[in-house]
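Peer 1: okay, sequence plus prediction incoming.
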Amino acid sequence: MPIHTEAETDLWFVYCAAVISSLSDDWSGMDNEKAKDYILSCQSYDGGFGLIPGQESHGGATYCAVASLRLIGFIEADLLSLSQSSSMIDVQLLLDWCLQRQAVDGGFQGRPNKTSDTCYAFWIGGVLRILGADEFIDETALREFLLTCQSKYGGFSKFPGEFPDLYHSYYGFTAFSNLKEADVNSLSVELGITYKCDVMFWV
């Protein structure tokens, strides 16, 4: 949860804790086994992850689940190249769910029957990259979708033709990084930051 008492508890905050622990190289404040059990309880019947157990699968929650398991060390990179029978998550079901999120317009949707949205190019694309399955993305179609969301004023919008915002501009750039676009820095997909980013800690 984001504060000590009376707040929501979900995978967003598990991911935040995993990122902070990873960046500080200090896992003493997190019970990794309990975090793992909670994450696994959020995998839905369709393969994706909900923010809490029993909730509908969601692109952002699925990224938080998979990236957290990777950061904590419970899953390896490129799961598809390994023996899936030894994985704690249903990799094939997860892969199927993620691949079904790329819509006919080339973009990714966060849930079935929803409109494609710039940010899910990173959330879902990032999961596929962690799994070692990014080769299954129609990269040409995804690039074309993202470019329709790029504004003449700069930045990216949520949907084509809308005004840009900082949130979707950030995820537009991270999506292009995952696509290995020229002149865009490489990305640590689990952390959502570039490898060239300097992290400073004030004491």
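Peer 2: All right, it came through fine.

Peer 1: just for this protein, where's the confidence low?
Peer 2: Along the chain, the model assigns pLDDT under 70 to residues 82-86, 196-203.

Peer 1: any idea where the strands of it begin and end?
Peer 2: Assigned by DSSP state E, the chain shows strands spanning 187-188, 193-194.

Peer 1: just name the most buried of these.
Peer 2: strand 187-188 (a mean of 18; mean count of other Cβ atoms under 10 Å). (C-beta placed from N, C-alpha, C; glycine too.)

Peer 1: so what does it touch, helix or strand wise?
Peer 2: With contacts taken as 3 or more Cβ pairs under 8 Å, 6 or more residues apart in numbering; DSSP states H and E, strand 187-188 sits against helix 166-178, strand 193-194.

Peer 1: what are the pairing partners of it, and which direction each?
Peer 2: The strands that strand 187-188 pairs with in its sheet are strand 193-194 (antiparallel) (by DSSP bridges).

Peer 1: enumerate every residue touching residue 74.
Peer 2: Listed by Cβ atoms under 8 Å, 6 or more residues apart in numbering, the contact set of residue 74 reads 32, 36, 88.

Peer 1: do you know how far it is from residue 87?
Peer 2: In this view, residue 74 and residue 87 are 10 Å apart by Cβ to Cβ, to the nearest Å.

Peer 1: related to what we said a few turns ago, just put the strands of the chain in CSV and tack on distance to residue 135.
Peer 2: Listed next are the strands of the chain as CSV, based on distance: least, Cβ to Cβ, whole Å:
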stretch, distance to residue 135
strand 187-188, 17
strand 193-194, 22
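
Peer 1: relative to residue 180, which of these is closest?
Peer 2: Among the strands of the chain, strand 187-188 comes nearest to residue 180, with 9.4 Å by Cβ to Cβ.

Peer 1: can you tell me what sits against the closest one?
Peer 2: Here strand 187-188 makes contact (Cβ under 8 Å, 6+ apart) with 174, 177, 178, 193, 194, 195.

Peer 1: number of nearby residues for the first one?
Peer 2: By the criterion of other Cβ atoms under 10 Å, residue 174 has 23 neighbours.

Peer 1: so which of the helices and strands packed on strand 187-188 has the densest surroundings on average?
Peer 2: Highest mean neighbour count among the helices and strands packed on strand 187-188 (mean count of other Cβ under 10 Å): helix 166-178, with a mean of 20.

Peer 1: that one packs against which elements?
Peer 2: For helix 166-178, the packing partners by 3+ Cβ pairs under 8 Å, 6+ apart come out as helix 120-131, helix 139-148, strand 187-188.
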